[in-house]
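In: Pasting the sequence and the predicted model now:
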Amino acid sequence: MPAYTLTIDVRTHSTGATVVVLSGELDHQTAPRLRRVLERTPAGLPLVLDLTDLRFCDSVGIGELVFAARRTPVPESALPVVGAPADLRHLLALTGVERLVAHHHDVDLAVAALGPGAAERHAGP
Amino acid sequence: MTAPVPDTGPATVLVLDDNATTRYILGSWLRRAGHQVVEAVDGAQALALLTGTPAHELPEIALVDVRLPDMTGFEVCERIKERPHTTDLPVVHISATAIEASDRTQGLHRGADAYLTEPIDPAELQATVTAVLRYTRARRRAERLADRVAALHRSTLALYGAADADAMVTAAALGAIELGAAQASAIVLGPHRENLHLAHCVLSGAAESAPEVRLSTGSAALLDALAHHTLGDATGTDTVRLTAAQWQDALATDFTQDHGLPVEPVTLLVARTKPGRPLVAVAVDPSAAEDLDQHRLLSQLTQATALALEALRSQAEEHALALTLQRSFLPARLPATEGVDLAVRYEPASDRSEIGGDFYEAIETPAGLLLAIGDVAGHSLEAAMVMGELRHALRAYAIEGHDPRTLLQRLDALLVQLRPGITATVCLVLVEPGRRRVRIANAGHLPPLLRLPDGSAHFLTEHGILLGLNLPQPPAATHDTPPGSTLLLVTDGLVEVPGENLEIGLAALRESFSRAPGDLDETGGLLLESFAKAQADDVALLLARLH
């Protein structure tokens, strides 16, 4: 098994939404790989980030979360994220990026919050 | 260097036969041809003799009678070949007349290298010994060469893996020892050309223990002296033999240091990769470079050292260039302002890591004294360039007298326009002319700390989103600053450590700041010392005391 500082697991939810599960450290060394993964996710479909096991995120990592938020199908809508650890939430708050994301308890709730027909109309809270 | 040693010179020969007459006859023929002879009367004695002999004193060939009192010659041969110590010892069987052809083939099948049948013709014995010696010596040389080529390869990897000049001279000196030198010194000028680095290494007596390496530093004058004996200013490689006196004279040019090297003749190998580069030198005991193959390998090791040093040097130069550039983007000095004392600390990221995009600024503007701190996301030359652009743009906009929120929005527009995809956090603190009020506009940066005259410290947490997203900023927040208030602005390098909680880091910073001494410079030093220890990132901090 290769050793990764950041593991990125891309899943497709039954509703068609792309779920990207991050674990480990998102920093200036690992962020470019997340960027390449995000760029390959279908642009028209909703995206959910599962951050439950993200232990560390620096300013470049925050930049990637902003990039992900801007990839949501509907402009100005919030990026659904799941399980953001307290420290990350603190950093999101400090950088003001909090307003670009919507927190959820689990992936199913996050996808449900996207509402029916989310692929065409992505409604943020 | 000298031609290869002929493969047919005299050897030590083991004669194993229970018949004293045969031993005498064979021994006298061999001695007459210049060989040395050791004798054994049976298998056990022969094997014991071989076991008790150190590797470099072993006979080079064994003549073994096939019929011995305690075991057959075939068995002796098999034992010789199965022991690692003697596995390369060629065996020539000798047997009485009337032996079956199958016996002969059996002997050869079981490991013997040749077979002689009595009565033996002296010329045939001589020719057989010569032929066996020739091919075993040739094979041994080929094996040793293969081993040394592998050793050169290992040393080259070690040279390229060396993180600094000391590690490099160590790898070069050990590499020369592995290539058969009994003593080796490697000499290079460090990547910043500041210091001469020398490693001296002596092959240790005990085979298993690693050779000891002694490091020293000195002056480049030594390399000039060595160049004078060899390449001068030319590029390429060169080899020269120096007398003990010449070597001592060369060493004496480095008056800064007695390197404590033995005063003996040396063979000096040097290499220079490009015009204008300092020489790389390896000195070994002359016997190590006598053999042509060996000399080539040592010369290649010297070249590999020069190339690896070149790689280390360009890496160091690149980092130094980036650091210089980064520093040139930061203010050379802070303005002397009435009613405000300023202190700044800036620590670039550790030597081997990349450069960052931290910046700070203090500008007198029509609206008051503007303090700024910021961080461009990323560790690259681009991040440093963007940092420089932002700082200069900030100065230009600030002189026009805009309020902090407008300044942030201008910077945001600039970033979106000129460097799309890059984000930055910037915190602006405008100290109003009377110094009794500050206005804070913070674009996603760590909050500034305000310490009041009573020693209590708290974060000024109002903020907007980071820059580079084309999003609006909230209005600036206003805070009162009674006389003696102190502001602290930091970058996240100070408190952001993987595996550590940001909130805890910030709380600890607030705690330390509230207990900090009155002197601003002292406070800056203390904060760096206690928070930036494990830091790979750059750290900037700006302190302002308002009278």
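Out: Great, that's in hand. What you are looking at is a predicted structure, and each value in this text was computed from that prediction instead of being measured.
In: for chain A, longest strand please?
Out: strand A:47-57 (DSSP state E).
In: just checking, B:Pro286 touches B:Val266?
Out: Yes - checked against C-beta atoms under 8 Å, the pair B:Pro286 and B:Val266 is within contact range at 6.7 Å. From N, CA and C alone the C-beta is placed, and that goes for glycine too.
In: Which of these two has more residues huddled nearby?
Out: Comparing B:Pro286 with B:Val266 by other C-beta atoms under 10 Å in any protein chain shown, the one with more neighbours is B:Val266, at 27 against 16.
In: What's opposite that one in the beta bridge?
Out: Residues in a beta bridge with B:Val266, per DSSP bridges, are B:Leu242.
In: if we can go back for a sec, find the residues that touch each one of B:Pro286 and B:Val266.
Out: B:Arg241 (C-beta atoms under 8 Å, 6 or more residues apart in numbering or on different chains).
In: what ranges of chain A fall below the confidence cut-off?
Out: A:1, A:73, A:75, A:115-125 (pLDDT under 70).
In: which residue does it bring closest to chain B?
Out: Here the residue of chain A nearest chain B is A:Gly96; by C-beta to the nearest C-beta that distance is 3.1 Å.
In: So which bits of chain A are right by chain B?
Out: Residues of chain A lying close to chain B by C-beta under 8 Å from any C-beta of the partner chain are A:25, A:27-28, A:55-56, A:58-60, A:62-63, A:66-67, A:86-87, A:90-91, A:94-97, A:99-100.
In: Can you name the residues bridging to the spatially closest residue to A:Leu49 that is not a sequence neighbour?
Out: Nearest residue to A:Leu49, sequence neighbours excluded (C-beta to C-beta, 6 or more residues apart in numbering or on different chains): A:Val81, at 4.7 Å. Beta-bridge partners of A:Val81, counted by DSSP bridges, are A:Leu49, A:His103.
In: And the residue nearest the centre of chain A, how close does it get to A:Arg71?
Out: Closest to where the C-alpha atoms of chain A average out (C-alpha atoms, centre = their mean) is A:Leu49, at 2.8 Å. When distance is defined by C-beta to C-beta, to the nearest Å, A:Leu49 is 11 Å away from A:Arg71.
In: One more: B:Leu509?
Out: In terms of C-beta to C-beta, B:Leu509 sits 35 Å off from A:Arg71.
In: So between those two, which is more surrounded?
Out: Using other C-beta under 10 Å as the criterion, B:Leu509 and A:Arg71 rank with B:Leu509 on top: 22 against 15.
In: Could you look up the SS state of the more buried one?
Out: helix (DSSP: H, G, I helix; E, B strand; the rest coil).
In: Helices along chain A, start to end?
Out: Along chain A, counting by DSSP state H, helices occupy A:31-40, A:59-70, A:86-95, A:107-113.
In: Just put those helices in CSV and tack on mean neighbour count and distance to B:Leu449.
Out: Below are the helices of chain A laid out as CSV (neighbours: other C-beta atoms under 10 Å in any protein chain shown; distance: least, C-beta to C-beta, whole Å):
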stretch, mean neighbour count, distance to B:Leu449
helix A:31-40, 16, 29
helix A:59-70, 23, 19
helix A:86-95, 20, 13
helix A:107-113, 17, 36
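In: how about these, which one is nearest B:Arg439?
Out: helix A:86-95 (19.3 Å; C-beta to C-beta).
In: So which residues make contact with the closest one?
Out: For helix A:86-95, using C-beta under 8 Å, 6+ apart, the contacting residues are A:51, A:54, A:57, A:59, A:62, A:65, A:84, A:98, A:101, A:103, B:425, B:444-447, B:463, B:465-466, B:501-503.
In: Run the chain-centre distance for that helix.
Out: Helix A:86-95 sits 14 Å away from the centroid of its parent chain (C-alpha atoms, centre = their mean, to the nearest Å).
In: what's the angle between it and strand A:47-57?
Out: 100 degrees (axes from the mean of the first three to the mean of the last three C-alpha atoms, to 10 degrees).
In: Show me chain B divided up by domain.
Out: B:12-143, B:162-319, B:329-546 (automatic domain parsing).
In: can you tell which of these is closest to A:Val37?
Out: Checking the domains of chain B against A:Val37 by C-beta to C-beta gives domain B:329-546 as the closest, at 16.4 Å.
In: hmm, the closest one touching chain A?
Out: Yes - Domain B:329-546 reaches chain A (C-beta under 8 Å from any C-beta) through B:354, B:375, B:377-379, B:421-423, B:425, B:443-447, B:463-466, B:468-469, B:492, B:496, B:498-499, B:501-503, B:537.
In: hang on, the earlier thing: verify the stated contact: the residue nearest to A:Leu49 with A:Leu100.
Out: No - using C-beta under 8 Å, A:Val81 is not in contact with A:Leu100, being 9.7 Å away.
In: what's the overlap in contacts for those two?
Out: If you check A:Val81 and A:Leu100 against C-beta under 8 Å, 6+ apart, the residues they both contact are A:Leu65.
In: who has more neighbours, the two?
Out: Between A:Val81 and A:Leu100, counted using other C-beta under 10 Å, A:Val81 has the larger neighbour count: 27 against 23.
In: contacting residues around the more buried one?
Out: By C-beta under 8 Å, 6+ apart, the neighbours of A:Val81 are A:48-51, A:65, A:101-104, A:110.
In: Count the residues that sit near residue 43.
Out: You didn't pick a chain, so chain A it is. 12.
In: could you do chain B instead?
Out: The number of residues near B:Gly43, taken as other C-beta under 10 Å, comes to 23.
In: Pretty sure it sits against B:Arg67.
Out: No - assessed by C-beta under 8 Å, B:Gly43 is found out of contact with B:Arg67, at 10.7 Å.
In: what is in contact with those two at once?
Out: With C-beta under 8 Å, 6+ apart as the test, B:Gly43 and B:Arg67 both reach B:Gly73.
In: so B:Leu467 touches B:Asp412, yeah?
Out: Yes - B:Leu467 lies in contact with B:Asp412 (C-beta under 8 Å); the separation is 4.5 Å.
In: Those two: which is more packed in?
Out: B:Leu467 (29 against 24).
In: Is that one bridged to anything, and to what?
Out: B:Ala424.
In: Let me know the pLDDT of it.
Out: Turning to B:Leu467, the model gives it a pLDDT of 95.
In: Quickly note the distance from it to B:Leu330.
Out: 19 Å.
In: cool, B:Ala244 as well?
Out: With C-beta to C-beta as the criterion, B:Ala244 and B:Leu330 are 55 Å apart.
In: same question, B:Asp70
Out: Per C-beta to C-beta, B:Asp70 is found 88 Å from B:Leu330.
In: and what of B:Arg83?
Out: 70 Å.
In: higher neighbour count, the two?
Out: B:Leu330 (17 against 13).
In: Mind pulling up the pLDDT for that one?
Out: So B:Leu330 comes in at 83 (pLDDT).
In: Could I get the contacting residues of it?
Out: B:346, B:359-360, B:391.
In: Let me see the contact set for the residue in chain B positioned nearest to chain A.
Out: The minimum distance from chain B to chain A, using C-beta to the nearest C-beta, falls at B:Ile465 (3.1 Å). B:Ile465 sits next to A:95-97, A:99-100, B:443-444, B:471, B:473 when contact means C-beta under 8 Å, 6+ apart.
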